[in-house]
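Undergrad: Sequence and predicted structure, then a few things I'm wondering about:
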Amino acid sequence: MKDTALLSAPLQVQDLTVSYGGDPVLTGADLTVPEGEMTAIIGPNGAGKSTLLKSALGLVKPLSGTITAWDQPLAAQRDRIAYVPQRASVDWDFPTTVLEVALMGLYRQLGLLRRTRPHHRDKALACLDRVGMSDLADRQIGQLSGGQQQRVFLARALAQEAELYLLDEPFAGVDAATEAAIITVLHGLRDAGKTVLCVHHDLSTVPRYFDHVCLLNRHTVAQGPTATTFTDANLMRTYDGRLPTAA
């Protein structure tokens, strides 16, 4: 019989192995994302953090392992999941406005013809307002700063009204004001019962930002509540015996 906690987990990754060009990136990695909490995936560069997230989304095909969402195949639950990619992976020269990006989060609601109505526009603007970007709704996305672009992509995810939010390095390269705005929105989602999973690199903010952590270095070193898992001993194991000064 399965553990009831695992049955309700929004995301469950078991024994995941991924290889790029014959080189192993992840080997037997496990991840359980608790419902209604904020979870961080942390580890050194090259540890496979983004690969784990992309595999969980079905964007990277693993060699082996199982991935379920709410104890169902990932494909059956995709409408309940929103994704914010790394900024570096986005073509910011694509000619589109801030509002049009936010409206992309409503594509499942718009139907086959992608025909927007006033209430769709109002909803997208409300999501932009939550991240402090509604005043720039008509601005070209490529004209924004890095922090502003990140806020817009978060607004797109909010428009999906998902239950599980997956974010790949959402605080990388943003200013302090944007980081504060993003964490406020993410904590608001958590407090509303949503589940948030972030690839994260700043160890100094982990205890303040996250309820749960997964320490990764090509395999899962440890995972659990931040208070009991984010320890010097586990960090030493994760970072190959060199405790990061930021911790």
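TA: Sure thing, it's come through.
Undergrad: mind listing the helices for the protein?
TA: Assigned helices in the chain, in chain order: 4-7, 49-57, 98-104, 107-110, 118-130, 146-159, 176-191, 206-209, 226-229, 232-238 (criterion: DSSP state H).
Undergrad: how about the second one: buried residues?
TA: In other words, helix 49-57. Within helix 49-57, the residues scored as buried using 16 or more other CB atoms under 10 Å are 49-57. Every C-beta, even on glycine, is put in place using the N, C-alpha and C of the backbone.
Undergrad: Keeping just the C-alphas, turn it into PDB.
TA: What follows is helix 49-57, C-alpha atoms only, in PDB (Å, rounded to 0.1, in the frame of the first residue of the first chain):
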ATOM      1  CA  LYS A  49      18.700  20.900 -10.900                       C
ATOM      2  CA  SER A  50      17.200  22.300 -14.100                       C
ATOM      3  CA  THR A  51      17.300  18.900 -15.700                       C
ATOM      4  CA  LEU A  52      15.300  17.500 -12.800                       C
ATOM      5  CA  LEU A  53      12.700  20.200 -13.200                       C
ATOM      6  CA  LYS A  54      12.500  19.800 -17.000                       C
ATOM      7  CA  SER A  55      12.200  16.100 -16.700                       C
ATOM      8  CA  ALA A  56       9.300  16.600 -14.200                       C
ATOM      9  CA  LEU A  57       7.600  18.700 -16.900                       C
END
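Undergrad: So what touches it?
TA: Residues outside helix 49-57 that contact it (CB atoms under 8 Å, 6 or more residues apart in numbering): 11, 13, 16, 18, 20, 25-26, 29, 31, 41-43, 60-62, 65, 67, 74, 81, 83, 86, 166, 168-169, 197, 199, 216.
Undergrad: Out of those, which end up buried?
TA: By 16+ other CB under 10 Å, the contacts of helix 49-57 give 11, 13, 16, 18, 25-26, 29, 31, 41-43, 60, 62, 65, 67, 74, 81, 83, 86, 166, 168-169, 197, 199, 216 as buried.
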